[in-house]
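>>> Only the shape, not the letters, is given here:
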């Protein structure tokens, strides 16, 4: 399994859906796109932007219910692609340390992982099949922007020793 990050969530007017771009965290930093529905795309974009709904949305409710039951979202794994359709699994962890794996749509798995601050992974074989390393354009602005965004998202006041 290889760790992934959600790089972009953009609305595709041509297909009236959203496109999520996922990228491998480590080298060679392969990336791929998944088309998801409008509602799921809006929820994932809200989570990435740090927006909070005044009332719990479905994914919020599910994570809150799991927490009340002593279960946490351990990780989401994108497992494979079949005839252009991506498949995923949600790995849950009970308070006793028992793992349970549940099949899910990738969009739901991503939304739940983001809501629960759980990691996202992809199977190596799937990355081999659908992932590609973006071509170098000679302009490192995109990579610098990604690194800056990572820095901002993970900054901690203790890092400044004030």
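Perfect, I can see it now. What you see is a predicted model, and the numbers here were worked out from it, not measured in a lab.
>>> what's the nearest residue to residue 116 once chain neighbours are set aside in contact with, if anything?
Spatial nearest neighbour of residue 116, chain neighbours left out: residue 73 (3.7 Å); criterion: CB to CB, 6 or more residues apart in numbering. Every C-beta, even on glycine, is put in place using the N, C-alpha and C of the backbone. Going by CB atoms under 8 Å, 6 or more residues apart in numbering, residue 73 touches 63, 66, 90-93, 112-113, 115-116, 118.
>>> what do you get if the cut-off is 6 Å, keeping everything else the same?
112, 116, 118 (CB atoms under 6 Å, 6 or more residues apart in numbering).
>>> would you say the first one is within a helix?
Yes. Assessed by DSSP: H, G, I helix; E, B strand; the rest coil, residue 112 belongs to a helix.
>>> quick one: it and residue 20, what's the gap?
From residue 112 across to residue 20, the span is 14 Å (CB to CB, to the nearest Å).
>>> again with the last one
Here the criterion is CB to CB. By it, residue 118 lies 16 Å from residue 20.
>>> The two: which is more packed in?
residue 20 (23 against 20; other CB atoms under 10 Å).
>>> Contacts only, for the more buried one.
9, 34, 36.
>>> Filter the residues you listed down to just the buried residues.
Buried subset of the contacts of residue 20 (neighbour count, 16 or more other CB atoms under 10 Å): 9, 34, 36.
>>> Show me where the protein dips below the pLDDT cut-off.
136-162 (pLDDT under 70).
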